[in-house]
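Colleague: Sequence and predicted model, in that order:
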Amino acid sequence: METIPAHPLSRFAAATLYEAMGKRGDLEPALRAVGAARLFGPAFTVRCHIGDSRAALVAAAIAPAGSVIVIAAGGTHRSTVWGGSSTRAAMRRGVAGVLTDGAVRDTVEIRALGWPVFAAGAAVRGAVKNHPGWFGEPVSVGGAVIRPGDLVSADEDGVVVIPAEDAAGLLPLAERQAAKEAALDLEIEAGADFRDLQGFR
């Protein structure tokens, strides 16, 4: 089974990476954590025919360990593309998690499993499983184009996508941003006036 190694950017919060990229890469805030609230990895892209979950379920069986299955479901919340059984299948492969602009179900089960699923909502209605869908192509999810291999970083604040070609150069910027945030917090704890720290006077 192919396994994707851990990435040095995975230790940074999504908001820190967003700031480090020059305030770019954020997805729609409606995409929220259903299961565990920390997700990071390269995108394994899937596009489903609207109302059909077959491609998403196949992805649970073929996505590389360490990848994030990114499912473009057409933005519909009236039928689900992911649930408890697909979560278990992907977990067994070592997949890092799932991001979809569609709905999911079995949310109590997913939370109990402690596995990262970020989705636009939850619904009880299942989908048909007829259309083969598309794999390994750029997809539109959350107001952004996500390509295979782009890095997905998500936590309780939201979701950020890092273009694959920007990842290597982002590390020193992320380290600088994290250090800046930590230094600010130390000054606050030391009693500095927050207005001065923000340059408001």
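Modeller: Right, received. Where do you want to start?

Colleague: can you tell me how far Ser86 sits from Ala127?
Modeller: 11 Å (Cβ to Cβ, to the nearest Å). No exception for glycine: its C-beta is placed from N, CA and C like everyone else's.

Colleague: Then Arg111?
Modeller: As defined by Cβ to Cβ, Arg111 lies at a distance of 21 Å from Ala127.

Colleague: Show me which of those two is the more surrounded one.
Modeller: Ala127 (26 against 15; other Cβ atoms under 10 Å).

Colleague: my read: the more buried one touches Asp52, true?
Modeller: Yes: with contact defined as Cβ atoms under 8 Å, Ala127 reaches Asp52; the gap is 5.5 Å.

Colleague: Contacts for the top helix by length along the chain next, please.
Modeller: Determined from DSSP state H, the single longest helix within the chain is helix 167-189. Residues outside helix 167-189 that contact it (Cβ atoms under 8 Å, 6 or more residues apart in numbering) are 7-9, 12, 16-17, 19-21, 151, 162, 194, 197.

Colleague: For those, work out which two are farthest apart.
Modeller: Greatest spatial distance among the contacts of helix 167-189 (Cβ to Cβ): His7 and Phe194, at 33.7 Å.

Colleague: more crowded one of those two?
Modeller: Taking other Cβ under 10 Å, His7 and Phe194 do not tie; His7 has more neighbours (16 against 10).

Colleague: got a list of what the more buried one touches?
Modeller: His7 makes contact with 40-42, 151, 167, according to Cβ under 8 Å, 6+ apart.

Colleague: Packing partners of the lowest-mean-pLDDT helix or strand in the chain?
Modeller: The weakest-scoring helix or strand in the chain, judged by mean pLDDT, DSSP states H and E, is helix 194-198 (a mean of 88). In terms of contacts (3 or more Cβ pairs under 8 Å, 6 or more residues apart in numbering; DSSP states H and E), helix 194-198 is packed against helix 167-189.
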